[in-house]
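In: What follows is a predicted structure for the sequence shown.
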Amino acid sequence: MPRWRLPAAWRRPLAVVGIIIIAFWAFVIVFAPLLAPYDPLAQDSARFLPPSLAHPFGTDGVGRDVLSRVIYGAQISIPIAVMLVVLSLIVGATVGAIAGYFGGVVDAVLMRIVDLFFAFPAIILAMAVSAALGPSLVNAVLAIVVVSWPAYARVTRSLVLGLRDANFIAASRLIGASSARTLGRDIAPNILGPIAVISTLELGNAILLLSGLSYLGLGAVPPTPEWGAMVSEGSRVFYNYWVALFPGLAILSVVLAFNFIGDSLRDALDPRTSRAVQAMEL
């Protein structure tokens, strides 16, 4: 019997590294209460203790254990980033699918709205929305969704436009299928691959945007152990490097991991790239 093997794209070193990193952080999220040596909000240690056996990542300006805060911060930053991508995908894919399928005036109006959002830098628009709503994680999520959904709308529209005039779509219309049924049953399965790739890559951007807003004081508010807010606290006492270094490394590792996985997913779903990778292994 032929032995089953992983696709070549998933056996590449960067893909393996990305999967290992995400698996590690998933383990940390699930078992954070068991892994954290201290309460992340407890202020019962000396201020600015350097890394040691008792506090491997040191302590911050009010005596909280940085390792414990990084561990609990994973329960905030990563799940919220996933939620951001899901919400942005739902809004953007819906708008893009409607614009691409119906075309005409509907397409023109919806795409001009998308162009309006693209006219502003994402971080600037997110800052404006978050500042108007007030600093909190919920408002930061809303602000990031507002600036993130247009990318999904534009990609989805282009994919739907490429399928709208296909023979199987015409056959679906001829047998009386509604627009909603055609979009959901015939078009959606054929565009899931590219959408999955962009969603995976956008997870890293979502974490960066969330951390950026928290760094600027427009996201998580103290004493919430969110990675961006921790980096912001550490930047005020830069000579105590460990306060900002370790949450910054956590952000870096997750963003790189999602980028590695997104690139590998793209290679696995693209037949031309997949064949090229397999040829390199021969």
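Out: Cool, got the structure.
In: Quick check: buried residues in the longest helix anywhere in the chain?
Out: Counting by DSSP state H, the longest helix found in the chain is helix 66-102. Of the residues in helix 66-102, those with enough neighbours to count as buried (16 or more other CB atoms under 10 Å) are 66-78, 80-81, 84-85, 87-89, 91-93, 95-101. In short, each C-beta sits where N, CA and C put it, glycine included.
In: now stretch 136-156
Out: Buried residues in stretch 136-156, counted by 16+ other CB under 10 Å: 137, 139-156.
In: In helices only, show me the residues you listed.
Out: 137, 139-156.
In: ok, for residue 131, nearest residue in space, not its chain neighbours?
Out: Ranked by CB to CB, 6 or more residues apart in numbering and with sequence neighbours excluded, the top spatial neighbour of residue 131 is residue 218, at 6.0 Å.
In: any chance you could read off phi and psi for the one you found?
Out: Geometry field for residue 218 lists phi and psi as phi -110, psi 10, criterion degrees, to the nearest 10.
In: from what I can see it touches residue 132, true?
Out: No: under the criterion of CB atoms under 8 Å, residue 218 is not in contact with residue 132, lying 10.1 Å apart.
In: Who has more neighbours out of these two?
Out: Here residue 218 and residue 132 are set side by side on neighbour count (other CB atoms under 10 Å), and the busier one is residue 218, at 23 against 9.
In: and residue 25, how far is that from residue 74?
Out: Distance, residue 25 to residue 74, using CB to CB, to the nearest Å: 6 Å.
In: wait, doesn't residue 42 sit right on residue 64?
Out: Yes: using CB under 8 Å, residue 42 and residue 64 qualify as a contacting pair, with a distance of 6.5 Å.
In: Need the mean per-residue confidence for the helix or strand where residue 20 lies.
Out: Mapping residue 20 onto the secondary structure by DSSP states H and E places it in helix 13-30. Taken as a whole, helix 13-30 carries a mean pLDDT of 93.
In: Tell me the gap between the helix or strand just after that helix and the middle of its chain.
Out: If you walk from helix 13-30 toward the C-terminus, the next helix or strand you reach (DSSP H and E) is helix 32-35. The gap between the average C-alpha position of helix 32-35 and the chain average comes to 24 Å, counting by CA atoms, centre = their mean, to the nearest Å.
In: In terms of secondary structure, what does helix 32-35 contact?
Out: On a contact count with 3 or more CB pairs under 8 Å, 6 or more residues apart in numbering; DSSP states H and E, helix 32-35 meets helix 66-102.
In: Name the nearest residue to residue 110, ignoring sequence neighbours.
Out: Nearest non-adjacent residue to residue 110 (CB to CB, 6+ apart): residue 99, at 4.1 Å.
In: The closest residue to residue 12 other than its chain neighbours: which element?
Out: Spatially, and ignoring its direct neighbours in sequence, residue 12 is nearest to residue 264 (6.3 Å; CB to CB, 6+ apart). According to DSSP H and E, residue 264 maps onto helix 242-269.
In: Tally up the residues packed near residue 20, please.
Out: Going by other CB under 10 Å, the residues that sit close to residue 20 add up to 12.
In: do the same with residue 235
Out: If we define neighbours as other CB under 10 Å, then residue 235 has 12 of them.
In: from memory it sits against residue 247, does it?
Out: No: applying CB under 8 Å as the test, residue 235 and residue 247 come out as separate, 10.8 Å apart.
In: Touching both of the two, which residues are there?
Out: Counting by CB atoms under 8 Å, 6 or more residues apart in numbering, residue 235 and residue 247 have no contacts in common.
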